[in-house]
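Enquirer: got a sequence here, can you build the structure:
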Amino acid sequence: MAADIPGLAKIRYGTPHFEVIKPGQFVLCAVSGERIDLDILTYWSEALQEAYRGAPEATQAMLRHRDADEA
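Expert: Reported below is the predicted structural model:
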């Protein structure tokens with residue numbers, strides 16, 4: 001379970017900042033599952049409360065959720 005990973009932070013994503021709820025060193029990308037160190041975290045969705053490794057993953061997530069909403 002992701003919550004049991006040592007160093008995993010719990011974040012509340014806002015605009016334009018995020019708030020650390022549970023201290024840790026990193027979060028996981030909602031698309032790839034890759035580790036994202038908090039000091040380089042740049043992409044996230046406030047609405048979905050998800051973090052993304054980069055622009056390609058953020059775009060993929062937005063398209064996936066848009067397509068699900070249209071279905």
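
Enquirer: show me what contacts the residue nearest to the spatial centre of the chain?
Expert: Nearest to the mean C-alpha position of the chain, counting by Cα atoms, centre = their mean, stands Ala51 at 1.1 Å. When contacts are counted by Cβ atoms under 8 Å, 6 or more residues apart in numbering, Ala51 touches 11, 13, 27-30, 36, 41, 43-44. Heads up, the C-betas are built off the backbone N, CA and C, glycines and all.

Enquirer: show me where this structure has helices.
Expert: Using DSSP state H, the helices of the chain run over 55-70.

Enquirer: shaky segments in the chain?
Expert: Scanning the chain with the threshold set as pLDDT under 70 gives 1-4.

Enquirer: count the residues that sit near Val27.
Expert: A count of neighbours around Val27, defined by other Cβ atoms under 10 Å, yields 25.

Enquirer: partner residues bridging it?
Expert: Following DSSP bridges, Val27 is listed with bridge partners Ile36.

Enquirer: could you do Glu19 as well?
Expert: Applying DSSP bridges, one finds that Glu19 bridges with Arg12.

Enquirer: coming back round to it: may I ask which of the contacts of Ala51 has the most neighbours?
Expert: Neighbour count (other Cβ under 10 Å) singles out Val27 as the most crowded of the contacts of Ala51, with 25 neighbours.

Enquirer: pretty sure that one contacts Tyr13?
Expert: No: at 9.4 Å, Val27 and Tyr13 do not qualify as touching, with contact defined as Cβ atoms under 8 Å.

Enquirer: roughly how far apart are the residue nearest to the centre of the chain and Gly33?
Expert: 11 Å (Cβ to Cβ, to the nearest Å).

Enquirer: please name the bridge partners of the residue nearest to the centre of the chain.
Expert: In this structure, Ala51 bridges to Cys29, Trp44 when assessed by DSSP bridges.

Enquirer: mind listing what Pro6 touches?
Expert: Counted by Cβ under 8 Å, 6+ apart, Pro6 has zero contacts.

Enquirer: need the phi and psi values for it.
Expert: phi -60, psi 130 (degrees, to the nearest 10).

Enquirer: thank you, goodbye.
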